[in-house]
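Colleague: have a look; sequence and predicted model below, questions after that.
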Amino acid sequence: MKPKKKILNDFGGIMYSTDPSFTYEEENLAPAEALANKQQDLRVMLDKKNRGGKAVTLVTGYIGSSENLDTLAKMLKNKCGVGGSVKDGEILIQGDFRDKVLLLLQKEGFKAKKSGG
């Protein structure tokens, strides 16, 4: 998931403090617990925006730890034989591999769907 953008209301109305020892205390958010593969609702889509015309396969909707997301991304990159990365809780696979990624995710037991045309 993408981290939520901070807005003024998130800081309780505090915009600026002249006190040099002031530190804003944020609420500690518990990390998202990893759901079972059958409960994950993943979306597989092709994305070309802001990438210089190059296509990437984008997998979104994963809920769980970043380590598990990294291992899933590594497995998908190895099976497709291409590069990629993990950014903002999304897996980026270089190239148009929607069908292959969808089949691989379904074999792993994820509930995955094609999205975006």
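Modeller: Right, received. Where do you want to start?

Colleague: what pLDDT does the model give the closest residue to Gly109 other than its chain neighbours?
Modeller: Excluding its sequence neighbours, the residue lying closest to Gly109 (CB to CB, 6 or more residues apart in numbering) is Asn37, at 3.8 Å. Yep, even glycine has a C-beta here, placed from its N, CA and C like the rest. The per-residue pLDDT reported for Asn37 equals 81.

Colleague: which helix or strand contains Leu72?
Modeller: Secondary structure from DSSP states H and E places Leu72 in helix 66-80.

Colleague: show me what that helix is packed up against.
Modeller: Contacts defined by 3 or more CB pairs under 8 Å, 6 or more residues apart in numbering; DSSP states H and E place helix 66-80 against strand 84-87, strand 90-94, helix 98-107.

Colleague: mind listing residues that contact that helix?
Modeller: With CB atoms under 8 Å, 6 or more residues apart in numbering as the test, helix 66-80 has contacts from 34, 59, 62, 83-86, 89, 91, 93, 95, 97, 100-101, 104-105, 108.

Colleague: can I get the buried part of those as one PyMOL selection?
Modeller: The PyMOL command for the buried members of the contacts of helix 66-80 (criterion: 16 or more other CB atoms under 10 Å) is given here:
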select buried, resi 59+62+84+86+89+91+93+95+97+100+101+104+105
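
Colleague: shaky segments in this structure?
Modeller: 1-15, 24, 26-32, 117 (pLDDT under 70).

Colleague: immediately after the lengthiest strand in it, which helix or strand?
Modeller: When the chain is parsed with DSSP state E, its longest strand is strand 41-47. Toward the C-terminus, strand 41-47 is succeeded by strand 56-60 as the next helix or strand (DSSP H and E).

Colleague: now that following strand against strand 90-94, angle please.
Modeller: Relative orientation of strand 56-60 and strand 90-94, computed by axes from the mean of the first three to the mean of the last three CA atoms, to 10 degrees: 160 degrees.
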